[in-house]
Structures are given as C-alpha cells and as structure tokens.
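Asker: everything below, folded, please.
(chains A, B, C and D)
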Number of protein chains: 2
Amino acid sequence: MHTTNIIKPLSVDSVIFGFEDDQLKVLLIKRIVDKDSGTWALPGGYIKYDEDIDVAAARILEERTGVKVFMKQLGAFGEVNRFPDKRIITIAYYALVKPRNFALSLEDDASAIEWVNVYDLPKLLFDHGIIIEHALRSLRRRVRIEPIGFNLLPNSFPLLSLQRLYESILNTTFDKPNFRRKILKMKLLIPLEEKQEGVAHRSARLFKFDKNRYDKLIDKGFSFEV
Amino acid sequence: MHTTNIIKPLSVDSVIFGFEDDQLKVLLIKRIVDKDSGTWALPGGYIKYDEDIDVAAARILEERTGVKVFMKQLGAFGEVNRFPDKRIITIAYYALVKPRNFALSLEDDASAIEWVNVYDLPKLLFDHGIIIEHALRSLRRRVRIEPIGFNLLPNSFPLLSLQRLYESILNTTFDKPNFRRKILKMKLLIPLEEKQEGVAHRSARLFKFDKNRYDKLIDKGFSFEV
DNA sequence: GCAAAAGTGTTCTTCGTACACCCATGC
DNA sequence: GCATGGGTGTACGAAGAACACTTTTGC
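Answerer: Residues are numbered from 1 along each chain as shown, chains lettered A, B, ... in the order given. Predicted coordinates:
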C-alpha cells in the first residue's frame, strides 16, 4: 500500500455482502502477523489526496480482496474513540456481490480472507461490528424497494432461491405461492428454457432478472416492492 | 470560530428543513463581505480533533444560526474537485425543525440568514445544491415510514396542515377524506379541545402528536406509513 | 348567499394472506 | 412409497381510491 499522499485522518471500510449456501454473508479479513492478530476486520484503507472517495473505496477493496465492484456509501463513522490512539474517521461503503464470480485474492500472505455468516459474526476490530449492523439495516430498507437482491444471485436462478434470499436478508419467511405470484406479476424476470439439474425433486424453471425491463417500468412510475 | 485543533480536510454541512407558509424550506447563509459574497451556502464548518462528528455538526450549526437541534447524518461528499484549491471532504447532516421555535442569530454582521423555498433555490456554493438534493431524497424516503413530519409542525395543528406538509415534501396531492382517515386510524394523534381561531371557514380541531403512543405501537410491530 | 375548509359516508377495486391441492423427481 | 420442492387455484378480508354530500364559519 502507498503511504504517501494520503489523507491520514480519513479511512474507508467496505461491507461486502454475498449469498452462499442460503446464507447472507460478509467478506472479512484477518491479519495474522501483526498486533491485531486474531481479529477479523472489514477490508479498508486510506483515501488518497487526489482521489474521489467512491474511487478510493473501490480501489482499496480490490487491493485487499481482488473483488472489483462499485459500492454504495453507508456514511461516516466518527466517534472520537472509535480508533485507538489516533483520530481516524472512516467512511463506510457496502455492496452486494455474487461470491462465485470472485476469486478472492490476498495482497500478502499475512492475511486470511473469508465469507462469514452475517448472523454469526466473530469479534471484530474497532467499531466494525457496528458498521456491519448499519449496513445490514440499510440493506434491509433498500432491498424491499429496489431490485438489488438479484446482485447476490447467479445470473439464472429458480424462484425459491430468490425467496430464500429475501427471507435471510429480512429475517422472515414468506408464503411460497404468494411470493411467487408477487414477483412474477412485476414482469421483471425472464423465464428461461433451462431447468434445474441434479436436484432430488421436480426441477424448477430458471429465471433471469431483466434490468432493461426494470428501467422502462421505472420510467412509467413503477415501484418495486417486496 | 476556533481555528486551532481542527481537522482541516474534513468539514460538516447541515441541511435544515423547515415548514413555513405551506412551503418546505431550507436554512441558508450568505457571506456578504468576503469573496463568496452573493452566494448562498449551507451552514458549515470544521470538525475539532477531539469531537464526535455528530457533536461537531450540532455545535457548528448553533454557532452559525442559533439553531440547536440534533441531526441525522446524510453521508460524506468527497469528489476531488468539489472544493476549490484544497481537498476538503464534507460530511452532510440534516434535520427537521419548527421555524417558529428558533430566533435565528448570526455570529457576525457579515452574513445574512434566511429560510428559502426548497423548490426555488438560488445558486449555491460548491456542491451544496447536490447536497440539498440528496437530503431531500432522504427526507422523502424517511418521512413516509417514520413520523418525523411532526417535527416540522407546531405542537398542535389541524389535519389539513399535516396533509399540506406531506404534499409539499412528497410533491404530490392527497384526497382529504382518505388522508384524514388514514392518519387518524393510526391513533398517533391526540385530539385537543382547542380549535383554530380567526380563520375564514369552519374552524378545525387541533391535534397533537403522541410520541409515547408511537413508541408503544412500535414495540407491538406497528409500522408507520403514509 | 358565497367561498373555503371541516368532516362523514359509501362504493368499487385491488391486494395481501391463508391454505388446499396436484405435479415431478430422486431415493 | 415418501420426502421435497414446483406450481396452480381460490376465498376471505383489509386497505386504498374516488367522490358525493352535509356542516360551520367569515365575509
């Protein structure tokens, strides 16, 4: 990491959500060698002097994890004592990704990187636990009114996967027939010819999210709601 | 203003919403003497080294305007060129206040201060116009699911005032009978014995928002929605 | 009387919810 | 056959939208 030309009292931390094994997870890093050894943390770093903060967040995430994605800002966390010894204010970001699409890569051998169930987190560095809580709250609010959930699923998926996704994010359950009808009525999904394979039950039709269609509907005043 | 012991690349700006004459307004300041003369701006300033950012925002707002209120964070604005010459990242806050409750006071004679209709803004300093847009979007989202609108009204108010408030924030119109029923059904308003006075029509009953009641309903799973 | 807002009543439709039920597939 | 999930049908009730109508007050 470059240490010149950076803004020292300002860091960036990223909460990366992924959906794997029907569980909502976040991407955490653990420094193995230095004094924080043993504590998991959000991927983060310092902003450069001549770099937009959104760009800094994306750069730092990629450097730390190999994940390249555009993120949404969560907000600034600036309690005086959030960081030991020094005053560092951090700007938190979050994003939703498909874990399968990324080969996690580490910048060095001194760290471990892992997808961790968001409902079963280990002890985290500084206020990173609080940051994740905020990110989760924001995710819950947004996921019900914007079709961002699809970012967590493979390009094609059966409807029950979508339902399980919403259930795990919102920590609730839905009636299957009703959920199905509600989603299909929006006409946001393109039914594919493909079917599930190798499952121990009747194979389900796969669907694909139609971003184009969504944009057009939005122009007509449509509003997504789960 | 103190210039020692502050974090220089980090400022705070506040969007203060008020409701006056059936219009949604924001509080703006204009520097009259210096080089920015003639340009309206959001009240803002620098964060101190040993001060929580939320506290800094409240302190700065009070210093600039006399308005003392707790605010909600909107987020950080950090485009490289948002501020001329220097790199300054700002953390924006917003709040909803009752304009009548505040005697606007200026720290010096070099400034003017004013409530300005949010739908008819003058040219603003730096990216302050963008910040207000974001604040308005956030306000619109929140006002429909949290009873924060009452913060903009006097303690007691007729139902039509509430309706006009929502209409001006959401930039829409509601059917009076339906709006009335919807709000009353929530049981969040205490009907008072008082009536409007000096109006050229049948005087309306006044109501008061019942915060206690709201907190209790929330515990029972109630969710506010307009 | 007229204008303006207060306040009540009613109808129609849409939508969410609950749940019964049949279908296909692997073991 | 049985378990598991896929997928359809239906019936009830709550909630929203539209609008007609009566009441009260100042001018």
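
Asker: going forward, measure contacts and count neighbours with C-alpha atoms only.
Answerer: Will do.

Asker: show me how chain A divides into domains.
Answerer: Per automatic domain parsing, the domain ranges recorded for chain A read A:6-143, A:154-219.

Asker: JSON lines for those domains, including mean pLDDT and distance to B:Phe174?
Answerer: Below are the domains of chain A laid out as JSON lines (pLDDT from 0 to 100; distance: least, C-alpha to C-alpha, whole Å):
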{"stretch": "domain A:6-143", "mean pLDDT": "89", "distance to B:Phe174": "25"}
{"stretch": "domain A:154-219", "mean pLDDT": "92", "distance to B:Phe174": "22"}
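
Asker: identify whichever of those domains lies nearest to DNA strand C.
Answerer: domain A:154-219 (3.4 Å; C-alpha to the nearest atom of the strand).

Asker: so, in contact with DNA strand D or not, that closest one?
Answerer: Yes. Shown here: domain A:154-219 in contact with DNA strand D (C-alpha under 7 Å from any atom of the strand) through A:158-160, A:176-178, A:180, A:200-205.

Asker: you'd agree A:Ile60 is in a strand?
Answerer: No. Counting by DSSP: H, G, I helix; E, B strand; the rest coil, A:Ile60 falls outside a strand, being helix.

Asker: just to revisit the earlier point, for the domains of chain A, which one ends up most surrounded?
Answerer: Most buried of the domains of chain A by mean neighbour count (mean count of other C-alpha atoms under 10 Å in any protein chain shown) is domain A:6-143; its value is a mean of 18.

Asker: of all the domains of chain A, which lies closest to B:Gly18?
Answerer: domain A:6-143 (23.7 Å; C-alpha to C-alpha).

Asker: and the lengthiest helix in chain A, what does it pack onto?
Answerer: Using DSSP state H to define each element, chain A has its longest helix at helix A:128-143. In terms of contacts (3 or more C-alpha pairs under 8 Å, 6 or more residues apart in numbering or on different chains; DSSP states H and E), helix A:128-143 is packed against strand A:6-20, strand A:72-77, helix A:159-170.

Asker: returning to what we had before: how about CSV for the domains of chain A, with distance to B:Leu170 added?
Answerer: As requested, those are exported to CSV (distance: least, C-alpha to C-alpha, whole Å):
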stretch, distance to B:Leu170
domain A:6-143, 19
domain A:154-219, 17
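
Asker: could I get those as a markdown table with distance to DNA strand C?
Answerer: Output for the domains of chain A, formatted as a markdown table (distance: least, C-alpha to the nearest atom of the strand, whole Å):
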| stretch | distance to DNA strand C |
| --- | --- |
| domain A:6-143 | 15 |
| domain A:154-219 | 3 |
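
Asker: can you lay out the helices and strands packed on helix A:128-143 as a markdown table showing distance to B:Leu74?
Answerer: Formatted as a markdown table, those follow (distance: least, C-alpha to C-alpha, whole Å):
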| stretch | distance to B:Leu74 |
| --- | --- |
| strand A:6-20 | 16 |
| strand A:72-77 | 7 |
| helix A:159-170 | 23 |
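
Asker: need those in a markdown table (columns: distance to chain B).
Answerer: Converted to a markdown table, these look like this (distance: least, C-alpha to the nearest C-alpha, whole Å):
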| stretch | distance to chain B |
| --- | --- |
| strand A:6-20 | 8 |
| strand A:72-77 | 4 |
| helix A:159-170 | 15 |
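
Asker: from A:Ser161, how far out is the residue sitting furthest away from the middle of chain A?
Answerer: The C-alpha centroid of chain A is most remote from A:Arg202, which lies 31.3 Å away (C-alpha atoms, centre = their mean). Separation of A:Arg202 from A:Ser161 (C-alpha to C-alpha, to the nearest Å): 15 Å.

Asker: of the residues of domain A:154-219 next to DNA strand D, which belong to strands?
Answerer: A:Arg205 (DSSP state E).

Asker: quick one: the helices in chain A?
Answerer: A:53-65, A:128-143, A:159-170, A:176-185, A:211-219.

Asker: make JSON lines out of those helices and add distance to A:Val97.
Answerer: As requested, the helices of chain A are exported to JSON lines (distance: least, C-alpha to C-alpha, whole Å):
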{"stretch": "helix A:53-65", "distance to A:Val97": "13"}
{"stretch": "helix A:128-143", "distance to A:Val97": "13"}
{"stretch": "helix A:159-170", "distance to A:Val97": "13"}
{"stretch": "helix A:176-185", "distance to A:Val97": "21"}
{"stretch": "helix A:211-219", "distance to A:Val97": "16"}
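
Asker: no further questions, thank you.
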